[in-house]
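Asker: the following block contains a protein sequence and its predicted model.
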Amino acid sequence: MPRPNPEVPALVWFKSSYSGGNETECVEAAFIANSTVIRDSKQPHGRRLRVHSIAWTGFVDALRSRQLS
(Lines give C-alpha, C1' and ligand atoms only; values in the text may rest on other atoms or scores of the structure.)
Protein backbone atom coordinates (compact mmCIF):
# COMPACT_ATOMS: atom_id res chain seq x y z
CA MET A 1 0.00 0.00 0.00
CA PRO A 2 1.46 3.39 -0.94
CA ARG A 3 2.26 5.75 1.87
CA PRO A 4 0.71 9.23 1.76
CA ASN A 5 3.06 12.02 0.81
CA PRO A 6 2.98 14.61 3.63
CA GLU A 7 3.78 17.39 1.15
CA VAL A 8 0.66 16.67 -0.93
CA PRO A 9 -2.56 17.66 0.85
CA ALA A 10 -5.49 15.26 0.77
CA LEU A 11 -8.14 16.26 -1.76
CA VAL A 12 -11.48 17.35 -0.36
CA TRP A 13 -14.12 16.17 -2.81
CA PHE A 14 -17.58 17.64 -3.28
CA LYS A 15 -20.41 16.48 -5.49
CA SER A 16 -21.34 18.79 -8.32
CA SER A 17 -24.83 20.26 -8.25
CA TYR A 18 -24.84 19.72 -12.03
CA SER A 19 -24.55 15.93 -11.73
CA GLY A 20 -28.19 15.37 -12.59
CA GLY A 21 -29.37 14.53 -9.08
CA ASN A 22 -29.36 10.78 -9.52
CA GLU A 23 -26.90 8.08 -8.57
CA THR A 24 -25.93 7.15 -12.13
CA GLU A 25 -24.35 10.47 -13.18
CA CYS A 26 -22.25 11.80 -10.31
CA VAL A 27 -19.31 14.10 -10.85
CA GLU A 28 -17.11 15.15 -7.96
CA ALA A 29 -14.52 17.90 -7.90
CA ALA A 30 -11.73 19.01 -5.61
CA PHE A 31 -9.79 22.26 -5.66
CA ILE A 32 -6.00 22.44 -5.52
CA ALA A 33 -3.61 25.28 -6.28
CA ASN A 34 -4.66 26.86 -9.62
CA SER A 35 -6.57 23.72 -10.64
CA THR A 36 -9.70 21.67 -10.22
CA VAL A 37 -9.59 17.88 -10.21
CA ILE A 38 -12.68 16.05 -11.49
CA ARG A 39 -13.64 12.38 -11.03
CA ASP A 40 -16.53 9.97 -11.44
CA SER A 41 -17.91 9.34 -7.94
CA LYS A 42 -18.68 5.73 -8.86
CA GLN A 43 -14.99 5.16 -9.53
CA PRO A 44 -13.20 7.21 -6.85
CA HIS A 45 -9.86 5.49 -7.50
CA GLY A 46 -10.20 5.66 -11.27
CA ARG A 47 -8.92 8.26 -13.67
CA ARG A 48 -9.13 11.94 -12.84
CA LEU A 49 -9.15 15.04 -14.98
CA ARG A 50 -7.20 18.09 -13.83
CA VAL A 51 -8.04 21.45 -15.40
CA HIS A 52 -6.73 24.95 -14.76
CA SER A 53 -8.93 27.06 -12.52
CA ILE A 54 -9.63 29.50 -15.39
CA ALA A 55 -10.96 26.65 -17.55
CA TRP A 56 -13.10 25.34 -14.68
CA THR A 57 -14.58 28.80 -14.03
CA GLY A 58 -15.41 29.18 -17.72
CA PHE A 59 -17.07 25.75 -17.75
CA VAL A 60 -19.20 26.48 -14.67
CA ASP A 61 -20.15 29.91 -16.02
CA ALA A 62 -21.24 28.32 -19.32
CA LEU A 63 -23.40 25.84 -17.42
CA ARG A 64 -24.98 28.56 -15.33
CA SER A 65 -25.80 30.67 -18.38
CA ARG A 66 -27.24 27.58 -20.11
CA GLN A 67 -24.71 27.71 -22.94
CA LEU A 68 -24.10 24.03 -22.15
CA SER A 69 -26.63 21.43 -21.10
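Answerer: Cool, the structure landed.
Asker: going forward, measure contacts and count neighbours with C-alpha atoms only.
Answerer: Fine.
Asker: check contacts around the spatially most central residue of the chain.
Answerer: Taking C-alpha atoms, centre = their mean as the criterion, A29 is the residue nearest the geometric centre of the chain, at 2.0 Å. Contacts for A29 were tallied using C-alpha atoms under 8 Å, 6 or more residues apart in numbering; they are W13, F14, K15, S16, T36, V37, I38, R39.
Asker: at 6 Å what do you get?
Answerer: W13, F14, V37, I38 (C-alpha atoms under 6 Å, 6 or more residues apart in numbering).
Asker: partners of it in the sheet?
Answerer: Counting by DSSP bridges, A29 is bridged to F14, I38.
Asker: circling back to that earlier point, whichever of the contacts of A29 count as buried, I'd like them selected in ChimeraX; how would that read?
Answerer: A single ChimeraX command selects the buried members of these (16 or more other C-alpha atoms under 10 Å):
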select :13,37,38
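Asker: export the contacts of A29 to TSV and tack on distance to H45?
Answerer: What follows is the contacts of A29, written out as TSV (distance: C-alpha to C-alpha, whole Å):
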residue	distance to H45
W13	12
F14	15
V37	13
I38	12
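Asker: can you verify I54 is assigned to a helix?
Answerer: Yes: with DSSP: H, G, I helix; E, B strand; the rest coil as the criterion, I54 is part of a helix.
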